[in-house]
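[1] okay, structure incoming, though there's no sequence with it:
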């Protein structure tokens, strides 16, 4: 695969080629799971979760060209590009391209390539996502209030999916034994956490206020977010900071409230007054012990 070129340069060229082509982005991430030799049967099943996370982005239109009609989101495009670039770079390095890993996330992708387990996949995937979040805070601030709300929802979801595999007792309490099955990125259930079509409106940009979107959220999404994820959010971010070896994750939460491009003073949105009886039962039953 290598022709003496730098892995970082090659990865950048691959991403540049599909920057304004959402379908091309999806095809590129699939190619990374085929590995440097074009055949990686142990890695290929993990593309299922990766595609779940990307398809709803493409469907919402956030990956569209900035000159498109409608245009895409500068922030979501950068988040997606970081994931693509890290994946391409790691495949290039594994295939013999020159250079050293450009970031800790790429090192974690190389660890996944060497040992393709569910936990290693989440470490790599979420390190890329978190790294992009931290890098693109200025672009995040330029998005609408409603979009910034859902940025925090999306981050909480991907961190929680990781905890299902890496810290099942934290994620599910007495039901911890189910964590690895529910969170395995090779299986369909992980897509329910990573594909946010039940949570995020299927359009961009968002035209309504946050409260309206919260009221419209489908029941299963509300149960998961407000009854299961939010009550353990502080511990989830603390665990993720250690798991990803990225202490800056703790800059994105305060007293159990997400604060990425979001004011702590507006934290009331994370405490829904409309959690149903079923939600309260679920919260109690899955409480971390």
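    Sure thing, it's come through. If you're wondering where the values come from, they're calculated on a predicted model, not measured in any experiment.

[2] how much space between residue 149 and residue 209?
    Between residue 149 and residue 209 the distance is 10 Å, computed by C-beta to C-beta, to the nearest Å. In short, each C-beta sits where N, CA and C put it, glycine included.

[3] looking at this structure, which helix or strand is least sure?
    Using mean pLDDT, DSSP states H and E, the weakest-scoring helix or strand in the chain turns out to be helix 277-285, at a mean of 51.

[4] please, where are all the strands along the stretch 101-250 of the chain?
    Defined through DSSP state E, counting those that start in this stretch, the strands belonging to the stretch 101-250 of the chain form an empty list.

[5] what segments of it are helices?
    Assignment of helices within the stretch 101-250 of the chain using DSSP state H, counting those that start in this stretch yields the ranges 104-114, 118-135, 137-141, 145-166, 168-172, 179-183, 189-194, 210-216, 219-222, 233-243.

[6] tell me what the helix or strand just after the last one is packed against?
    Just to be clear, that refers to helix 233-243. The first helix or strand that comes after helix 233-243 along the chain, using DSSP states H and E, is strand 253-254. Helices and strands touching strand 253-254, by 3 or more C-beta pairs under 8 Å, 6 or more residues apart in numbering; DSSP states H and E, are helix 233-243.

[7] helices or strands up against the helix it packs on?
    Applying 3+ C-beta pairs under 8 Å, 6+ apart, one finds that helix 233-243 makes contact with helix 118-135, helix 145-166, helix 168-172, strand 253-254.

[8] as CSV, these with distance to residue 67 and mean neighbour count would be great.
    Rendered in CSV, the data for the helices and strands packed on helix 233-243 read as follows (distance: least, C-beta to C-beta, whole Å; neighbours: other C-beta atoms under 10 Å):
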stretch, distance to residue 67, mean neighbour count
helix 118-135, 22, 22
helix 145-166, 20, 23
helix 168-172, 41, 21
strand 253-254, 36, 19
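
[9] distance to residue 269 and mean pLDDT added to these, as TSV?
    Written out in TSV, the entries for the helices and strands packed on helix 233-243 read as follows (distance: least, C-beta to C-beta, whole Å; pLDDT from 0 to 100):
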stretch	distance to residue 269	mean pLDDT
helix 118-135	19	98
helix 145-166	6	95
helix 168-172	22	95
strand 253-254	14	98
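
[10] redo the ones you listed as CSV? Include distance to residue 108.
    As requested, those are arranged in CSV below (distance: least, C-beta to C-beta, whole Å):
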stretch, distance to residue 108
helix 118-135, 4
helix 145-166, 12
helix 168-172, 20
strand 253-254, 21
